[in-house]
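Visitor: sequence unavailable; structure follows:
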């Protein structure tokens, strides 16, 4: 699989070709669920220490929501605003079924994330959208992909950094 040609909107308001984000070094493209998702907030917290890695987050908020979310959550990485879910669709990320949204694993992981201090917020977009992580090389080839199997299935920072560095 190759990354699609796409013009993406960054939280800064800048529009760039997706390829500019991976042309110099491999990129971890991290697709998040909605900005209120407790699992996404847990994932973000785990990514803070990897601010020097080429990791870019994709969210479903508009540019203003994305910029505010990035500021409020102290996200050091760039963020792509994808309110139409075009990039989500181009990478083949699906919406969850009810069973992928609510099941014992999701409840157990949710309780664990809450106990660790992560809080659920209000969804700003489609709460049934599943997340994913894709590692792209400088030619846009997808070297690694992880598509969430349910709402709680997110890769945390160390796993993402390990995959990214293994392919650099």
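Guide: Ah, there it is. These numbers were taken from a predicted model, which means no experiment stands behind them.

Visitor: so for stretch 16-35, what gets flagged as buried?
Guide: For stretch 16-35, a neighbour-count test (16 or more other CB atoms under 10 Å) marks 18-19, 21-22, 26-35 as buried. In short, each C-beta sits where N, CA and C put it, glycine included.

Visitor: can you show me the helices along the chain?
Guide: 38-47, 63-72, 86-90, 98-101, 104-115, 157-166 (DSSP state H).

Visitor: measure the closest residue to residue 93 other than its chain neighbours to residue 67 for me?
Guide: Ranked by CB to CB, 6 or more residues apart in numbering and with sequence neighbours excluded, the top spatial neighbour of residue 93 is residue 132, at 4.9 Å. Going from residue 132 to residue 67 by CB to CB, to the nearest Å gives 22 Å.

Visitor: count of neighbours near residue 88?
Guide: When counting by other CB atoms under 10 Å, one arrives at 22 neighbours for residue 88.

Visitor: the more surrounded of residue 132 and residue 67?
Guide: Legend: neighbour count by other CB under 10 Å for residue 132 and residue 67, higher for residue 132 (23 against 17).

Visitor: residues contacting that one?
Guide: 30, 31, 91, 93, 145, 146, 147, 148 (CB atoms under 8 Å, 6 or more residues apart in numbering).

Visitor: so which of those residues is the closest to residue 60?
Guide: residue 31 (9.1 Å; CB to CB).

Visitor: isn't the closest one right up against residue 93?
Guide: Yes. Using CB atoms under 8 Å, residue 31 is in contact with residue 93, at 5.8 Å.

Visitor: identify the contacts common to the two.
Guide: 131, 132.

Visitor: which residue lies nearest the spatial centre of the chain?
Guide: What sits nearest the mean C-alpha location of the chain, by CA atoms, centre = their mean, is residue 31, with 2.5 Å.

Visitor: measure the residue of the chain most remote from its centre to residue 70 for me?
Guide: Relative to the centre of the chain, the most outlying C-alpha is that of residue 104, 23.1 Å out, by CA atoms, centre = their mean. Plainly put, residue 104 is 33 Å away from residue 70 if you go by CB to CB.

Visitor: got it, and residue 133?
Guide: Taken as CB to CB, the span from residue 133 to residue 70 is 18 Å.

Visitor: equivalent analysis for residue 161, please.
Guide: Counting by CB to CB - residue 161 and residue 70 are separated by 19 Å.
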